[in-house]
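Q: Structure for this input, please:
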Amino acid sequence: MLPEQVTRAVMVSETPAITAWAERHRWTVCVDPDNQTLTAETRHPVTDTQVRFQADLTDYPAFPPAWTCRDDQGANPRSAFPLAGTGPMIAGSVFHSNLVICAPWNRLAYSEHSGPHGDWGGPGHWKTAASAYTRAHTLADMLNTLCLHLAVSPGMAS
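A: Predicted structure coming up:
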């Protein structure tokens, strides 16, 4: 386990980039170093419904965050998850029908955390795993990737 003060320090150091990114993209982001969480909210570009991404940052950056989609009550229902979409720059979506943000930078994508990927070498290798897939080494990079994939999402799961 990574000492909590390390995760807090990294979160504090990344907050200016997160804040600048959120302002440029008109997202609402709350970085909470004390609880080691990040919550980001925006509107779905097709349905105009709220989309909330939440990251549990325990042990970050030694391990990737645990990213989930939440409703306004903080629950994780199917309807809070964006549908997968593709576009000219996005051949495969990080939004999978199994309700996991499927990316090496999501701890929940690894089989050790009930995710589909036992082939990525474990979450401790998140910065080098699956080289043909999406890359995001900072929280702002992760938010940007979520934004790009949300831009081609045709709607929300039901």
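
Q: switch to C-alpha atoms for all contacts and neighbour counts from now on
A: Noted.

Q: Name the residues of stretch 50-60 that come out as buried.
A: Using 16 or more other Cα atoms under 10 Å as the test for burial, stretch 50-60 gives Val51, Arg52, Phe53, Gln54, Ala55, Asp56, Leu57, Thr58, Asp59, Tyr60.

Q: That should have said stretch 8-19, apologies.
A: Under 16+ other Cα under 10 Å, the buried positions of stretch 8-19 are Arg8, Met11, Thr15, Ile18, Thr19.

Q: and the two most separated of those residues?
A: Farthest-apart pair in the buried residues of stretch 8-19 is Arg8 and Thr19; separation 16.0 Å (Cα to Cα).

Q: before we move on, the earlier item: which among the buried residues of stretch 8-19 gets closest to Cys102?
A: When those are compared against Cys102 (criterion: Cα to Cα), the nearest one is Ile18, at 21.2 Å.

Q: What does the pLDDT read for that closest one?
A: The model reports Ile18 with a pLDDT of 99.

Q: Pretty sure it sits in a helix.
A: Yes: counting by DSSP: H, G, I helix; E, B strand; the rest coil, Ile18 is part of a helix.

Q: for the nearest residue in space to it that is not next to it in sequence, what are its contacts?
A: Once flanking residues are discounted, Ile18 sits nearest to Ala140: 4.9 Å by Cα to Cα, 6 or more residues apart in numbering. For Ala140, the contacting residues are Glu14, Ala17, Ile18, Trp21, by Cα atoms under 8 Å, 6 or more residues apart in numbering.
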